[in-house]
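Student: with the sequence up front, the predicted model follows.
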Amino acid sequence: MVYTLFPFSLNMSTIQECVARFENGDIAIIPTDSVYAIAGDFQHPKALDKLAKIKRESITEAEFSFLFTSISQVSEYTQSLDGPTFKLVKKCLPGPYTLVLEANINLARKLGQKRSTIGVRIPDNPIVLALAERLGRPLASASLHHDDDILQYPTNPDEIVAKYAGKADFIIDGGWGDNIPSTVIDLSGEVPTLLRAGKGDPDVI
């Protein structure tokens, strides 16, 4: 099943239908402000199991990025941030960054994992923000990787539908994606550390 959504003219009935499918444990290929991703409700065991299999990892060890709708929602699942870290988070998000923050016990319990950090994203994409807001909690996600090691990430929605439909229960066509992933910055230590240079300006730190 393919849903077509226009980022700046959202059909909220379609958003609600997609959210209902997430609540049922379905996973979807969705657009972000960088590359297309595969995502599902992080509180649904069936969705997490599907995502872990795609990553070829066990459910207890799989590491996902989490797509949030706001910094206040991020604070529900992370440790309190000091002043400089909070300023950097506000500077980067929403935007094409994945920020590694210290997780709190609330997240660990709901995931059933023993993890001390969490990869946080607030993509600057109205589709993702509307999905996470209607769901009321973050989406667990993994990047959609291209079969071609050179191209790495598929960008054409038609190609994604033709080649990757079997990886997910449904697809959200939000237009052409980017082929550059998010910039990853680790903020869980004393000093911000660049883990991957991507679409976001790494000089932000």
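Tutor: Structure received.
Student: CA atoms for contacts and neighbours, from now on please.
Tutor: Fine.
Student: specify the next element, helix or strand, located C-terminal of the least confident helix or strand in the chain by mean pLDDT.
Tutor: Of all the helices and strands that make up the chain, helix 105-111 has the lowest average by mean pLDDT, DSSP states H and E, namely a mean of 70. Remark: after helix 105-111, the chain's next helix or strand is strand 117-121, criterion DSSP states H and E.
Student: what is the neighbour count of Gly25?
Tutor: 21 (other Cα atoms under 10 Å).
Student: so where do the helices sit in the chain?
Tutor: 12-23, 45-55, 71-74, 83-92, 105-111, 126-135, 157-164 (DSSP state H).
Student: between those helices, which one is closest to Val2.
Tutor: Checking those against Val2 by Cα to Cα gives helix 157-164 as the closest, at 7.7 Å.
Student: pull the CA atoms of that closest one into PDB?
Tutor: Written as PDB, here are the backbone C-alpha positions of helix 157-164 (Å, rounded to 0.1, in the frame of the first residue of the first chain):
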ATOM      1  CA  PRO A 157       9.800   7.200  -4.700                       C
ATOM      2  CA  ASP A 158       8.900   5.100  -7.800                       C
ATOM      3  CA  GLU A 159      12.100   3.100  -7.300                       C
ATOM      4  CA  ILE A 160      11.400   2.700  -3.600                       C
ATOM      5  CA  VAL A 161       8.000   1.300  -4.300                       C
ATOM      6  CA  ALA A 162       9.300  -1.000  -7.000                       C
ATOM      7  CA  LYS A 163      12.300  -2.400  -5.200                       C
ATOM      8  CA  TYR A 164      11.700  -2.000  -1.500                       C
END
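Student: nearest to Ile118, out of the helices of the chain?
Tutor: helix 105-111 (8.7 Å).
Student: show me the shaky parts of the chain.
Tutor: The chain contains residues with pLDDT under 70 at 107-113, 145-152.
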